[in-house]
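Undergrad: structure for the following, please:
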Amino acid sequence: MTFELAPELLRDCIFLTDWPLCRVLLLNDSQYPWFVLVPRVVGAREIIDLSEQQQLQFWQESASLSKLIMSVFSPDKLNVAALGNMVPQLHVHHIARFKVDIAWPKPVWGLFPTKPYSQEQITALKAELAL
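TA: Residues are numbered from 1 along each chain as shown. I've put the predicted structure just below:
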């Protein structure tokens, strides 16, 4: 079997890059810097489904993404969460939150309609992130 991204993630996210273990995605909602790490491991639903080496690699990549988000966006809070209630494929959200964002301090899920990125915004964001 080969790795395939869940249809919901394909629909809702923009591909940024592949790291050694994870696919790095940007959720297509310009209201929040919202990234998703997806380990490219067939059948993984929980972090404990990864081998010990994969878990270590995952946490290293999560820390790298978190540091990148903190340095580029300087958020008031960085939310990192693996829910999977709607999309069972293992994926972990990394969301930069600001006291001035439209959902603060509530969770971002489903609170407001999404505002997709323009192609210009995507290009600028990729350049800023150097991904």
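Undergrad: residues touching the closest residue to residue 55 other than its chain neighbours, list them.
TA: Take residue 55 and drop its neighbours on the chain: the residue closest to it by CB to CB, 6 or more residues apart in numbering is residue 47, 6.2 Å away. Where you see a C-beta, it was placed from the backbone N, CA and C, and this is true even at glycine. Applying CB atoms under 8 Å, 6 or more residues apart in numbering, one finds that residue 47 lies in contact with 55, 58, 82, 90, 92.
Undergrad: my read: the last one touches residue 80, true?
TA: Yes: under the criterion of CB atoms under 8 Å, residue 92 is in contact with residue 80, at a separation of 6.5 Å.
Undergrad: between those two, which contacts overlap?
TA: With CB under 8 Å, 6+ apart as the test, residue 92 and residue 80 both reach residue 62.
Undergrad: geometrically speaking, which residue is the centre of the protein?
TA: Among the residues of the chain, the one closest to the centroid is residue 36, at 1.4 Å (CA atoms, centre = their mean).
Undergrad: out of everything not next to it in sequence, what's closest to it?
TA: residue 25 (4.3 Å).
Undergrad: who's more crowded, residue 92 and residue 80?
TA: Using other CB atoms under 10 Å, the more surrounded residue of residue 92 and residue 80 is residue 92, with 20 against 15.
Undergrad: outside of whatever helix or strand the residue nearest to residue 36 lives in, which residues touch it?
TA: Residue 25 is part of strand 22-27 when elements are defined by DSSP states H and E. For strand 22-27, contacts defined as CB under 8 Å, 6+ apart pick out 5, 9, 12-18, 34-40, 58, 61, 65, 91, 93, 117, 122, 125, 131.
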